[in-house]
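Visitor: the amino acid sequence is not available; the structure is as follows:
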C-alpha cells in the first residue's frame, strides 16, 4: 500500500502511511487516520461541516496515538489547505500553530505559504512542486497541476496575494465545478461576481447570480 493513493494534496499526507509503503500491513490507526482525513476533506468541499468536523476529530484522535507532532501537523495543514481552496482566508490555522515548534521545516514553510506570506527561496524549495510557481506569483502557476485540491490551493494563495488573474478565477471555478465541490465553487463564483460588478458588466453579473442561485438553491440579491 502507498500513501499516493490519497488524492488530495498528496505531499501533505505523505507522512501518514510512510511506514506501509512496503512490508507488513500498516497499523489500523494509520489506515483509519488516512480514511478519516479523506472523508473530512470531501465533506468540507461538499459543504457538509458536521461530517467534516466529526471525521477530522477521528483523524486527530488516531494520529495522537503515535505521539508524533509532525503527523498531526500534516492533518492540520490539510485541514487548513481546504480553507484556502475555498477562499476562507481569514481563519487562522490554529491547530497547526500549536504544533509549529515540533513541526518540520517544510511544514512550517507550507503553513506560511497558506497565509500568503512571502517566502525566501530556500523556503519555496521546501514546498510541494505544485505550489512553487504560485509562491513565486507566476501567472501560469496553475498549469500542470492535475490534482484539483492542489490547483484550488494555488489559486487561493494567488488571490490572497493579489496575483490571481481573471483566468485563474475561471480555472478555479471550472475545477470546483468538475469535482462537484459546492463550497469552493460558490466562493470562486462570488469572486468572479465581484469582478463583474466592479467592471460594470451587468449581464455577466446577472448570469453569475443565476449560477450561484442554482448552486446554493437560494436567490442572490443584486448589488444596490
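Guide: It's in. As the structure is a prediction and not an experimental result, all values here were calculated from the model.

Visitor: what is whichever helix or strand residue 122 is part of packed up against?
Guide: Element membership of residue 122, judged by DSSP states H and E, is helix 121-124. Contacts defined by 3 or more C-beta pairs under 8 Å, 6 or more residues apart in numbering; DSSP states H and E place helix 121-124 against helix 105-114. Backbone N, C-alpha and C define where each C-beta goes, glycine included.

Visitor: what are the phi and psi angles of residue 143?
Guide: Backbone dihedrals for residue 143, given as degrees, to the nearest 10, come out at phi -60, psi 130.

Visitor: so what pLDDT did it get?
Guide: pLDDT, residue 143: 89.

Visitor: residues in contact with it?
Guide: Applying C-beta atoms under 8 Å, 6 or more residues apart in numbering to residue 143 gives the contacts residue 133.

Visitor: in the lengthiest helix in the chain, which residues are buried?
Guide: Determined from DSSP state H, the single longest helix within the chain is helix 28-46. Neighbour-count burial for helix 28-46, counted by 16 or more other C-beta atoms under 10 Å, picks out 29-34, 36-46.

Visitor: now stretch 105-123
Guide: By neighbour count on 16+ other C-beta under 10 Å, the buried set for stretch 105-123 is 106, 107, 108, 109, 110, 111, 112, 113, 114, 116, 119, 123.

Visitor: report the two of those separated the most.
Guide: 106 and 116 (17.8 Å; C-beta to C-beta).

Visitor: that older thread, could you dump the buried residues of stretch 105-123 to CSV with distance to residue 155 and pLDDT?
Guide: Output for the buried residues of stretch 105-123, formatted as CSV (distance: C-beta to C-beta, whole Å; pLDDT from 0 to 100):
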residue, distance to residue 155, pLDDT
106, 21, 94
107, 21, 94
108, 23, 96
109, 19, 96
110, 16, 95
111, 18, 96
112, 18, 97
113, 13, 96
114, 13, 96
116, 12, 95
119, 18, 95
123, 20, 96
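
Visitor: any idea which of those is closest to residue 166?
Guide: residue 116 (19.3 Å).
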